[in-house]
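In: mind looking at a prediction? Sequence and model below.
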Amino acid sequence: MFDAPAEVVIYLTLGVLAFSVLGLLAALASKAARDTREFWSRQRFVNYRQILTDPSTISDRQIRSWIRNGGYRRASLLRAIQTIEEGQGAPVAWVPRQRDLFAAGLLRAVGSRSAARRGLALTVLGYLRRPADCEIICGMATDKDGDVSLCAIRALGRLATLQAFEALLSLLGQEDDAHLTPLSQARIVERISEPWAQPYLRPALAATAAASGERPAGVQVLGPESHEQNPGHNVGDRQALGLMRALAVSGVSVPIGELEPWLRHGSIDERIAAIRASAACCGEVSAPMLAAVEDDSAVVRAQAVRAIGQVTVPPALLQATLDVLTAQATDRNWWVRGYAMSSLATLGAPGLAVLRATAESDDRFAAQRASEQLAITETEARR
């Protein structure tokens, strides 16, 4: 065995102990620093909240200190603003002169090299709700940092004006900007689905359709195989897509006639968005929705069949609905068949009769799925 001199063993032992002690001290120092930051953050939050409860008493000196502050201090200020607005259900009543002074400092921070500082400044700027800042905030929505981009989109939603709505809509149409990710587009749809933006949705969709002529963008109706070969031709008008998705989220009442052009002549993505919007906004089966069940694209057919199970069926269209769902119960696409069975189960006794007949049919795949749906329906009925 290796026999080390006693001095080496002692030095190694002392070295290990020294490193252990230093590591423990570093951990304790880190915890102490974190606790100190949290303590002062809470203190600043309480102080800022007290000041903001009566913004008319805020001095210019206080505003200038907020302009100089960054990082943890500005985060505490933001949290104080948010909690006050959530509790009151109304925005903080900023004094115009002080609001403008504060906004000037935030606008300088928007040009900072630090992404965190830019994002925080944009977020606070949104709470000031100055219409004059809309253009600058919109420009930051294409920032190279994804988090900053999302902060700008959120700030536009805070402005809650027609100009902000138009800015968000213009961002949806910037399909060539690499910084506008699918997540950014989803956040834009969320913003224009909010109550403040809902009155603008229908006029904007009508304007988009009018600008596209008799047939909306993406007019070439392609088969399901074309979607994989050339998906760009199937996306269509991004603004129209965003508007219809926002309608589906908000549930704003829209006559089916305003969505029919997209159902009949839109791209694949547009037809899917129109089907979802019609299910959320119209509330009942219509002739255009039934026509979509026979679409060339299996993706569109599946969404149309599924939508039928989410709305009511008028007595006048009950038989026609049963006929199209019966036909799609044997569709070559598994998803179309599955949704057809589910939708049939929502039609009560007539739909269950079709399911029982399908369960006894020679199509073993359709028969299996119909049997599964009957078992699910019976289980739910017993609950």
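Out: Right, received. Where do you want to start? Numbering: from 1, shown residues only.
In: which one is P131 nearest to, not counting chain neighbours?
Out: T161 (5.6 Å; CB to CB, 6 or more residues apart in numbering). Where C-beta positions appear, they are placed from N, C-alpha and C, glycine not excepted.
In: ramachandran coordinates for that neighbour?
Out: phi -130, psi 170 (degrees, to the nearest 10).
In: now T142
Out: phi -110, psi 20.
In: give me the nearest residue to Y48, chain neighbours excluded.
Out: A80 (3.9 Å).
In: helix or strand for the one you found, which one?
Out: For A80, the element it lies in under DSSP states H and E is helix 72-88.
In: around A210, how many other residues sit close by?
Out: As a burial measure, A210 scores 10 neighbours (other CB atoms under 10 Å).
In: cool, and E378?
Out: With other CB under 10 Å as criterion, E378 counts 10.
In: do the same with L171
Out: L171 has 25 nearby residues by other CB under 10 Å.
In: hmm, back to that, contacts for the helix holding A80?
Out: 37, 40-41, 44-45, 48-49, 52-53, 66, 69, 91-92, 120-121, 123-124, 127 (CB atoms under 8 Å, 6 or more residues apart in numbering).
In: re earlier: wouldn't the residue nearest to P131 be in contact with E135 here?
Out: No. In terms of CB atoms under 8 Å, T161 does not count as a neighbour of E135; the distance is 12.0 Å.
In: counting by contacts, list what the top helix by length along the chain packs against.
Out: Scanning the chain for the helix with the most residues, using DSSP state H, yields helix 6-52. Applying 3 or more CB pairs under 8 Å, 6 or more residues apart in numbering; DSSP states H and E, one finds that helix 6-52 contacts helix 72-88.
In: can you give me the helices for the stretch 51-200 of the chain?
Out: Under the criterion DSSP state H, counting those that start in this stretch, the stretch 51-200 of the chain contains helices at 60-68, 72-88, 96-110, 115-128, 134-140, 146-159, 162-172, 182-191, 198-211.
In: got JSON lines for those, with distance to R364 too?
Out: Converted to JSON lines, these look like this (distance: least, CB to CB, whole Å):
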{"stretch": "helix 60-68", "distance to R364": "71"}
{"stretch": "helix 72-88", "distance to R364": "56"}
{"stretch": "helix 96-110", "distance to R364": "63"}
{"stretch": "helix 115-128", "distance to R364": "57"}
{"stretch": "helix 134-140", "distance to R364": "57"}
{"stretch": "helix 146-159", "distance to R364": "49"}
{"stretch": "helix 162-172", "distance to R364": "46"}
{"stretch": "helix 182-191", "distance to R364": "39"}
{"stretch": "helix 198-211", "distance to R364": "44"}
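In: any idea of the pLDDT on G283?
Out: On pLDDT, G283 comes in at 84.
In: how close does the closest residue to it other than its chain neighbours sit to R276?
Out: Of all residues not flanking G283 in the chain, V311 sits nearest, at 5.7 Å (CB to CB, 6+ apart). In this structure, V311 lies at 11 Å from R276, with CB to CB, to the nearest Å as the measure.
In: the two: who's more crowded?
Out: R276 (21 against 18).
In: run through the residues that contact the residue nearest to the more buried one when sequence neighbours are not counted.
Out: Of all residues not flanking R276 in the chain, A248 sits nearest, at 4.3 Å (CB to CB, 6+ apart). Going by CB under 8 Å, 6+ apart, A248 touches 273, 276-277, 279-281.
In: pLDDT score for A248?
Out: 93.
In: again, but for E38
Out: Reported pLDDT for E38: 71.
In: please report how far it lies from S76.
Out: In terms of CB to CB, E38 sits 11 Å off from S76.
In: what does R245 give?
Out: For R245 relative to S76 (CB to CB), the value is 36 Å.
In: closest to G23 out of the helices of the stretch 51-200 of the chain?
Out: helix 72-88 (26.3 Å; CB to CB).
In: so the nearest residue to L374 once chain neighbours are set aside is in which element?
Out: The shortest distance from L374 to any non-neighbouring residue, by CB to CB, 6+ apart, is to L355 (5.4 Å). Using DSSP H and E, L355 sits within helix 349-359.
In: mind listing what's buried in that helix?
Out: 351-352, 354-355, 358-359 (16 or more other CB atoms under 10 Å).
In: hang on, the earlier thing: and the buried ones among the contacts of A248, selectable in PyMOL?
Out: Typed into PyMOL, the next command selects the buried ones out of the contacts of A248 (criterion: 16+ other CB under 10 Å):
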select buried, resi 273+276+277+279+280+281
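In: redo the contacts of A248 as a markdown table? Include distance to E7 and secondary structure.
Out: Below are the contacts of A248 laid out as a markdown table (distance: CB to CB, whole Å; DSSP: H, G, I helix; E, B strand; the rest coil):
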| residue | distance to E7 | secondary structure |
| --- | --- | --- |
| A273 | 79 | helix |
| R276 | 79 | helix |
| A277 | 82 | helix |
| A279 | 83 | helix |
| A280 | 81 | helix |
| C281 | 85 | helix |
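In: more neighbours, T161 and E135?
Out: T161 (16 against 10).
In: distance of that one relative to R130?
Out: Separation of T161 from R130 (CB to CB): 10 Å.
In: related to what we said a few turns ago, now the helix holding A80: buried residues?
Out: Of the residues in helix 72-88, 73-81, 84 count as buried by neighbour count, 16+ other CB under 10 Å.
In: in the stretch 151-300 of the chain, where is pLDDT below threshold?
Out: Within the stretch 151-300 of the chain, the stretches with pLDDT under 70 are 175-179, 211-236.
In: apologies, that question was intended for the stretch 1-150 of the chain.
Out: The low-confidence ranges in the stretch 1-150 of the chain, as defined by pLDDT under 70, are 1-4, 35, 37, 40.
In: again, only using 90
Out: Flagging of the stretch 1-150 of the chain using pLDDT under 90 yields the residue ranges 1-99, 101-102, 105.
In: that older thread, report the inter-axis angle for the longest helix of the chain versus helix 72-88.
Out: Relative orientation of helix 6-52 versus helix 72-88 (axes from the mean of the first three to the mean of the last three CA atoms, to 10 degrees): 40 degrees.
In: all set, thanks.
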